[in-house]
Every structure is written in structure tokens, then in C-alpha cells.
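**Q** Need coordinates for the below:
(2 chains)
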Amino acid sequence: DTGVSQNPRHKITKRGQNVTFRCDPISEHNRLYWYRQTLGQGPEFLTYFQNEAQLEKSRLLSDRFSAERPKGSFSTLEIQRTEQGDSAMYLCASSYLGQGPYGYTFGSGTRLTVV
Amino acid sequence: AQSVTQLGSHVSVSEGALVLLRCNYSSSVPPYLFWYVQYPNQGLQLLLKYTSAATLVKGINGFEAEFKKSETSFHLTKPSAHMSDAAEYFCAVNPEGNAGNNRKLIWGLGTSLAVNP
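**A** Have a look, this model is predicted:
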């Protein structure tokens, strides 16, 4: 197992375009989380899944954002009609419910730049 | 509301000197606390965690942290800094404490550690 994998690592897009990011968690982890991190800030929670169910969404996740985890394995985060304010690092993490509060395993993130 | 405060957004130490990164939290329940490290353009790596066992927690890369309930603190220390320790460090709290779940963490703003030769 190579840990949590995120693709692409970097994405540059023009304002108004749609983008989609993918996260492949550790295979036995049933929880998957998306965070956003802007420069000089800590991560901000966006949403999380338990298996394929999306259990919580932050108010930060506007209607332009959607996340899916169709088979309880990989997840995608889509941003429609991107804005410059969407420029950030998008982090995915996974954990195993029942293993206790041992923290997440994070991926390396996808850095989005909207020009 | 639960919160995490990291005192000092930038800390600079000499190689071989003591590293002290401060973290204070507020939580309505006994918290679980974490320190993560982030290298440039990388994700976050768990350094250590406090989960209501021993109050002095040892982590990777020679780091340790002490949970002090009376001071609501969870400061990170390392006796001797190495050049490779230069990174961003984040303190985080699991507001659900001993509920046993990691639903979402509350994060500090981070402290950037510079190590001078």
C-alpha cells in the first residue's frame, strides 16, 4: 500500500472552467476527508465520507463544489465555474473508523491555481 | 466552541538548539490532540498524538509533546534542532474527544520553523 494518493498534483485552470480532483485512500480505510488549505492557514474541513455515504459538508462547500465516493473507495472533488478564490491546496485524508483517534493519513494534495 | 491557538507564526532556531512550538486549545470535553508536520508542497504527516494515556507523548523524528490540562496546552519540543526539521507545524484537536471517532479536526494556523546553520 502506497498511502493516500491524489491526482493531479498541480492544476492550473482559467476562471470559469470546471476541475475535478481524485483521491485514492488507503485501501482498508473506510473514512475519507477533503480539506482545503490556503497559504498561511491551517486546513479547513470541506466534507467527509464513511464508505460511500457523505456524512457531513461544511458551509465552505458552496453549490459549485461536489464530492463523490461512488463505491466507497476513491473519491472525486469537482469544482464548477472556478473562481480565483478557489486557488488553494486541496488535501485528502483517510482513516479507519474503529481504529481509534489515531489521526489521519494525508495525501500530498492537489494545488489548484485559477488564473 | 473548540479552538486551537498556535503562538508564533514563525520560529527560528539555530541547528542544535532546543525547539519549542506552542499550542493551546479549548475544548468542552477531554480532547485528543495532534501535531502534524508539512514540508513544502506536501501533505501533512502525523508527528504524534495525545489520546488520554500518558501525558508526555513521544513522536517521530525526536519530537515530543506534553499535555497539560491545567494550562490547556500541548507544546511540541525537540532537544536539538536539525536542518531537516525546517517545515510548517500544525497543532490540531479532535473536538469529539473520547467518542473514538475522527470526524473532523480543528486546526491551528501553523508555525513555520526555520533552522539556521
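
**Q** end-to-end on stretch A:21-37?
**A** 15 Å (CA to CA, to the nearest Å).

**Q** right, I mislabeled it, should have said stretch B:107-116
**A** 27 Å.

**Q** Same check on stretch A:75-93?
**A** So stretch A:75-93: terminal residues 11 Å apart, CA to CA.

**Q** what does stretch B:2-14 give?
**A** 34 Å.

**Q** ok, now how distant is residue B:42 from chain A?
**A** From residue B:42 over to chain A the distance is 5 Å, taken as CB to the nearest CB, to the nearest Å. Any C-beta I mention is one placed from the backbone N, CA and C, and that applies to glycine too.

**Q** Tell me who's in contact with that residue.
**A** Residues in contact with residue B:42, defined by CB atoms under 8 Å, 6 or more residues apart in numbering or on different chains, are A:108-109.

**Q** Does it belong to a helix, a strand or coil?
**A** coil (DSSP: H, G, I helix; E, B strand; the rest coil).

**Q** looking at chain B, which helix or strand is least sure?
**A** Using mean pLDDT, DSSP states H and E, strand B:106-107 stands out as the lowest-scoring helix or strand of chain B, at a mean of 88.

**Q** in its sheet, what does that one sit against?
**A** Using DSSP bridges, the strands paired with strand B:106-107 are strand B:87-94 (antiparallel).

**Q** for the strand it pairs with, the distance to its chain's centre please.
**A** 5 Å (CA atoms, centre = their mean, to the nearest Å).

**Q** Run through who's touching it.
**A** Counting by CB under 8 Å, 6+ apart, A:42-43, A:101, B:2, B:4, B:6, B:21, B:23, B:25, B:27, B:31-40, B:44, B:47, B:74, B:76, B:102-103, B:105-108, B:110-113 sit against strand B:87-94.
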